[in-house]
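model the following, please.
(chains A and B)
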Amino acid sequence: MNALLELKGVRVHGPRGIRLNNIDLTISSGERIALLGSNGAGKSSLIAVANGSLTPNRGLVLWQGHSMQNLRQGKRQAIGTLWQDLRLIEELNVAQNINAGALGSRNLLWAVANLIYPLEINACKECLQAVGLSTDLISAPIGELSGGQRQRVALARVLRQRPELILADEPLFSLDPTLIEEVLNLLLANAIISPLAIHRTLLMSMHQPDLIHNFDRVIGLRSGSIVFDHPSNELDAKALAWIYRSE
Amino acid sequence: MNRLSPTPTILSLLPALALIPVIGVVVTNVHDGGRLLLVEFVGAALQPSLDPVVVQSAWHGLQITVATALFSWAISSFLGILLGLASASVVWQTCVGQSWPAIVIRRFLAIPRAIHELLWGLLLLQILGLSPWVAILAIIIPYTALVARVVSDQLDTQDRRALIALQQSGSKPFPVLITALGPKMGPVLISYIGYRLECALRGATLLGVFGMGGLGIDIQLAFRSLDFQELWTPLWMLAGVMFSLEQILSWFRSHLRSSKNAIKQMIITVALMIILTLISVPWLNAVDIDLSESVSWNAFPWPTVAELKIAFNTLPWIQLVSSTIMVTLLAAGIAIGIPPMGMMLWPSRVGIGVQSYIWALLRLIPTPISALLLLLFSQTSLAVAALALGAHNLGVMGRLLKEGLDEQSNSGWQSLRASGSGTQTAWLYGCFSGQSPSYLAYAAYRTDVILRETVVVGWVGGTGLGWQLIESLGSFNWAQVALLTIVFATLTLIGETLSDQCRQHWLGPSKVRPMILDLQS
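This is a model prediction of the structure:
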């Protein structure tokens, strides 16, 4: 498999100490990776470094062999992020929010026109259907959606971006058990056999060790360092206890 | 499905289209004569006159302006808070169980609020003659009514659950009001009153430009003699004071924000206001402005009904009102649309830095001077009036937009950049979209201010209510003055009602307070 993303000796300092310490990681095309770790272990920092929104103090981040720092802005569209706080634009409706995922490949005029009259509505509907939402919601204001619907719209926006790699930062956080299963299935389905016919890779941070059988690989983080990285079927209770044990 | 859904973001950008017809008319009317003068004006900014006589005169004028502004601001703030309490429904309801007295006082205060300080100045000049009290009262009267409105709006939109709980515990009305509403009012009031000081300084300068003393007179005289080096000496001094004031107020606000005790904040602010009032009186005396000198009172020559009828039939009302509305809309379009348009097209740190300096310059130059500058190379027209008025307010809108954006989280921008968006689209969707409802709400309030300010540039357009009012004042036609004042006040009150509704629409019923508080705090 081809290496999509490589982190080499990545170190990130935060105001309260080291957030990531000497991270070496390679993500290959088509992999489904679960990222485990207690709160503050560095999961969000790792995702932020991986999508280029956080520049490491030391080390290299390579996207398909090219330095992330020098990556052309348009190329970043290949990395989609499902943020923990969703980052939907409250002032826009569902279609306009979904279209925000396509901004990387559109010009300013398109962006302005979309604010007047949502464009490429069929593509938006396709994304909505892919995440299991009714197309009737296409012109609904974001503020009127439930928590689960918002989560799905955020995912639809990522799908509209047509990324090769999806980074999901605790997408199951604060969801009820039924929704957890639905969102996880959506992410996994879109990661491998996308209805939009794109072969995707997934790196997802989470706190549910019981769900890792759905993934190919599990990475454990503790205090900013990778403490294990192996196939999901090799994860044992001892390793789990190690990452969730208080420091 | 109705797909057409113009968002607050696009509605904030579209008004920029007003610049196209305005520039079109200004360019069509351009004449070569003033080009050289304009180059001289710009060049003189780098070489202001350092002649001791000019510097001394400007320094003297600056002191008069600052002391007048300080004194007027402090008095209007005190009176405004008192009248604000008196016009708040919640105060009357808590004290006597009825709210109608608040409504009556509020309606009464709408009249002084609707008339611009320049008009007050010109009216008072006829009544009091040339006296230092003209400029002071011209600021105090409308500013008191404006502060009162903000205070009462604030009080009436506070969450009343705590107040009701305290009332039901058997407490007396005033302790209940102070305990339940006082802490929430503190930061808002301090922020707004600080902002009014900046307005008072601009107002005092403007009144000077129209001959009512202070730095404005130096600016006006230097401009009339086209001595731009002498013009830039007072302008740079004013810039220095404005910049220092902005920094001091910003520091004061952030200092108070860090302190959690709202009542302590208010006590400090009131103490400071008293100190500044006490300083401003001897300061005015020191610059030969004697507030104790007797004022000659000429009673306003009230017109008869017959005179009013003649005045009503003489004036072209439709043309006057429509041209005033036209100038307001065009100026508001420029002021509202250009700052986000500029930031969208040039969103880099350097770009926004350069634009901030341009906004500061536009805020600094009084509107009549901008209008005169435009007249150097373009003929008199409504477009010139709209451009001058729009340019000044653009400076204000730009600054408020930037302040709002600076306080907003950059997570939206960050997420769009990470997904490959360009800087312009990421700014538009990730930064401005979040700020646009507040911006539009403030724009509604600003349009209301612009309508009042049309009086300042009326003479440039050669039409409009403001122009006619100044003409009628000059010819002592009191019947016309009375009618024009009533029509102008009515128009601004209608504008105020519309802008209130727009603000409620964009912010929701829970946030009817003037946006200045959201963006200035």
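
what about residue 230, neighbour count?
No chain specified, so I'll use chain A. By the criterion of other Cβ atoms under 10 Å in any protein chain shown, A:H230 has 13 neighbours. The way it works is simple: take the backbone N, C-alpha and C, and place the C-beta from them, glycine included.

switch to chain B, please.
Going by other Cβ under 10 Å, the residues that sit close to B:E230 add up to 24.

again with A:G52
If you count neighbours by other Cβ under 10 Å, A:G52 ends up with 22.

now it: closest residue in space, sequence neighbours ignored.
Leaving aside its chain neighbours, A:G52 sits nearest to A:M68 (4.8 Å; criterion: Cβ to Cβ, 6 or more residues apart in numbering or on different chains).

got it, and B:A311?
Closest to B:A311 by Cβ to Cβ, 6+ apart is B:A479, at 3.8 Å.

and the strand or helix carrying that neighbour, what does it pack against?
According to DSSP states H and E, B:A479 maps onto helix B:478-507. In terms of contacts (3 or more Cβ pairs under 8 Å, 6 or more residues apart in numbering or on different chains; DSSP states H and E), helix B:478-507 is packed against helix B:100-114, helix B:117-128, helix B:305-314, helix B:317-345, helix B:433-461, helix B:465-474.

neighbours around the residue of chain A found nearest chain B, how many?
With Cβ to the nearest Cβ, the shortest gap between chain A and chain B falls at A:G104, namely 2.8 Å. Residues within reach of A:G104, counting by other Cβ under 10 Å, total 25.

before we move on, what about B:A180?
B:A180 sits with 22 neighbouring residues when counted by other Cβ under 10 Å.

now A:K43
25.

and it, what does it touch?
By Cβ atoms under 8 Å, 6 or more residues apart in numbering or on different chains, the residues touching A:K43 are A:35-37, A:169-170, A:205, A:221.

buried ones among these?
In these, burial by neighbour count holds for A:35-37, A:169-170, A:205, A:221, counting by 16 or more other Cβ atoms under 10 Å in any protein chain shown.

quick revisit: measure how far the helix holding B:A479 is from the centre of its chain, please.
15 Å (Cα atoms, centre = their mean, to the nearest Å).

can you mark which positions in that helix are buried?
So, applying 16+ other Cβ under 10 Å, buried residues of helix B:478-507: B:478-485, B:487-489, B:491-493, B:495-496, B:499-500, B:502-503, B:506-507.

tell me the residues of chain B that contact chain A?
Applying Cβ under 8 Å from any Cβ of the partner chain, we find that chain B lies next to chain A at B:1-10, B:13, B:344, B:411-412, B:414-426, B:428-430, B:433-434, B:436-437.

out of those residues, which are buried?
When these are checked for burial by 16+ other Cβ under 10 Å, the buried set is B:5, B:7-10, B:13, B:344, B:412, B:414-426, B:428-430, B:433-434, B:436-437.

in helices only, show me the residues you listed.
Counted as lying in helices by DSSP state H, out of those, are B:8-10, B:13, B:344, B:412, B:414-418, B:423-426, B:433-434, B:436-437.

surely the residue nearest to A:G52 touches A:G59?
No: counting by Cβ atoms under 8 Å, A:M68 stays clear of A:G59, with 10.6 Å between them.

between those two, who's got more neighbours?
Looking at A:M68 and A:G59 with other Cβ under 10 Å, you find the greater number of neighbours at A:M68, namely 21 against 17.

other SSEs contacting the helix ranked longest in chain A?
Longest helix in chain A, counting residues (DSSP H): helix A:177-192. Judged by 3+ Cβ pairs under 8 Å, 6+ apart, helix A:177-192 is in contact with strand A:32-36, helix A:147-160, strand A:165-169, strand A:201-206.

name the residues of it that come out as buried.
Using 16+ other Cβ under 10 Å as the test for burial, helix A:177-192 gives A:179-180, A:182-184, A:186-188, A:190-191.

how about the residues you listed in CSV, adding distance to A:T201 and pLDDT?
Output for the buried residues of helix A:177-192, formatted as CSV (distance: Cβ to Cβ, whole Å; pLDDT from 0 to 100):
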residue, distance to A:T201, pLDDT
A:L179, 24, 79
A:I180, 21, 84
A:E182, 21, 81
A:V183, 18, 82
A:L184, 16, 87
A:L186, 16, 82
A:L187, 11, 85
A:L188, 12, 84
A:N190, 11, 67
A:A191, 7, 64
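
the residue of chain A closest to chain B and A:A78 touch, don't they?
No: checked against Cβ under 8 Å, the pair A:G104 and A:A78 is beyond contact range at 9.0 Å.
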